[in-house]
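>>> need coordinates for the following:
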Amino acid sequence: MAHDSAHDSTASAATSEAAGARAPAAAPAPARPARITVPWVRSRKVADGADPLVMVTAYDAPGARIADDAGVDMILVGDSLAMVVLGYDDTLSVTVEEMAHHTAAVARARPAALVVGDLPWMSYHVSVEETVRNAAQLIRAGAQCVKLEGGSKRLTMIEALIDAEIPVMGHLGLTPQSMHAMGGFRVQAKESEAALALVADAKALAHAGCFAIVLEGVPDEVARMVTDAVDVPTIGIGAGPRCDGQVLVYHDLLGLEDRTPAKFVRRYADLKQASVAAVGEFVADVRGGAFPDHSESYHLDSAQAEALSLYGAAPD
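Prediction:
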């Protein structure tokens, strides 16, 4: 009996080894390229062993350089431009032309990160032709792809963009361009029916060809459901830690904003206060005569100074 048990154990181990040999090994996640591309981003599922993606907004060349030097994977030229740069109360007032202007500024920094152009409100709502034309304006400005908000009702526009060879990033959950319809900036998909509808929308966007999906303002558990349900990466903002990546607004994470930050914002610096203090020192130095000093001024050589003295204009 003992011999039979040992034989059975050996056979079982051999069978397990054979089964293991037949199972294909998971392909390693592609290494980070010198310049980030849409296919590379699409491949970055944490469940497949990829590191989480990092996306930050930027709206000009200096901001793009800072984000790129920090090692982000994607730079979103977001319609948050309206609020944090142009001074509007919401994102609805920014135009395609303004988005293209700032996209071009970011692109001129030549970042290694993927540049994502955000399609503003009413730029992809009226017709397929207008949607493609507006997206093309952002691509010509330097974006490598565009982002738009909404679920299944946007499929026609998404498919037209992809047919035009314009890669699309989706955006579900709290969609700020729908703030009036949603009754303000409110967490979405808090009920089971709405959560299931969000999962269905995410599947539809992935099936239509979106290479990634932003999930904003949804419960952690719902974001995990979506992330598990689609084969493209999810990028969270106020969606908990279980997405395939995270995004924050540049001005929020650096503390450049006065407005009270959302719950999901983590501030990594207080550049507003540091900037006010620095400019305040400049004001004091000018008014007190301490700026500019001798070393910060240009001077004539002695011969030219002497020549000018003949005209009664000798320097002190």
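
>>> only C-alpha atoms for contact and neighbour calcs from this point on.
Fine.

>>> give me the element Tyr298 is part of.
Per DSSP states H and E: Tyr298 is located in neither a helix nor a strand.

>>> quick one: the helices in this protein?
Listed in chain order, the helices found in the chain under DSSP state H are 2-22, 38-42, 61-70, 81-84, 96-107, 128-141, 155-163, 179-182, 192-208, 220-229, 250-253, 271-287, 302-309.

>>> dump these to TSV, plus mean pLDDT.
Formatted as TSV, these follow (pLDDT from 0 to 100):
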stretch	mean pLDDT
helix 2-22	45
helix 38-42	98
helix 61-70	98
helix 81-84	96
helix 96-107	98
helix 128-141	98
helix 155-163	98
helix 179-182	84
helix 192-208	98
helix 220-229	98
helix 250-253	97
helix 271-287	98
helix 302-309	87
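
>>> TSV for these, including distance to Arg242 and mean neighbour count?
As requested, the helices of the chain are exported to TSV (distance: least, CA to CA, whole Å; neighbours: other CA atoms under 10 Å):
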stretch	distance to Arg242	mean neighbour count
helix 2-22	29	11
helix 38-42	17	16
helix 61-70	23	18
helix 81-84	27	20
helix 96-107	29	22
helix 128-141	30	19
helix 155-163	26	18
helix 179-182	25	12
helix 192-208	15	19
helix 220-229	6	20
helix 250-253	20	22
helix 271-287	29	13
helix 302-309	70	12
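
>>> rebuild the ones you listed as JSON lines, extending it with distance to Val116.
Formatted as JSON lines, the helices of the chain follow (distance: least, CA to CA, whole Å):
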{"stretch": "helix 2-22", "distance to Val116": "41"}
{"stretch": "helix 38-42", "distance to Val116": "10"}
{"stretch": "helix 61-70", "distance to Val116": "12"}
{"stretch": "helix 81-84", "distance to Val116": "13"}
{"stretch": "helix 96-107", "distance to Val116": "8"}
{"stretch": "helix 128-141", "distance to Val116": "9"}
{"stretch": "helix 155-163", "distance to Val116": "14"}
{"stretch": "helix 179-182", "distance to Val116": "22"}
{"stretch": "helix 192-208", "distance to Val116": "17"}
{"stretch": "helix 220-229", "distance to Val116": "21"}
{"stretch": "helix 250-253", "distance to Val116": "14"}
{"stretch": "helix 271-287", "distance to Val116": "25"}
{"stretch": "helix 302-309", "distance to Val116": "56"}
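
>>> show me the contacts for Lys147.
Shown here is Lys147, whose contacts under the criterion CA atoms under 8 Å, 6 or more residues apart in numbering are Val116, Gly117, Asp118, Leu119, Val168, Met169, Gly170, His171.

>>> let me know how buried the closest residue to Gly78 other than its chain neighbours is, in neighbour terms.
Ranked by CA to CA, 6 or more residues apart in numbering and with sequence neighbours excluded, the top spatial neighbour of Gly78 is Asp118, at 5.1 Å. Taking other CA atoms under 10 Å as the neighbour definition, Asp118 ends up with a count of 26.

>>> need the per-residue pLDDT for Asp118.
Looking at Asp118, its pLDDT reads 98.
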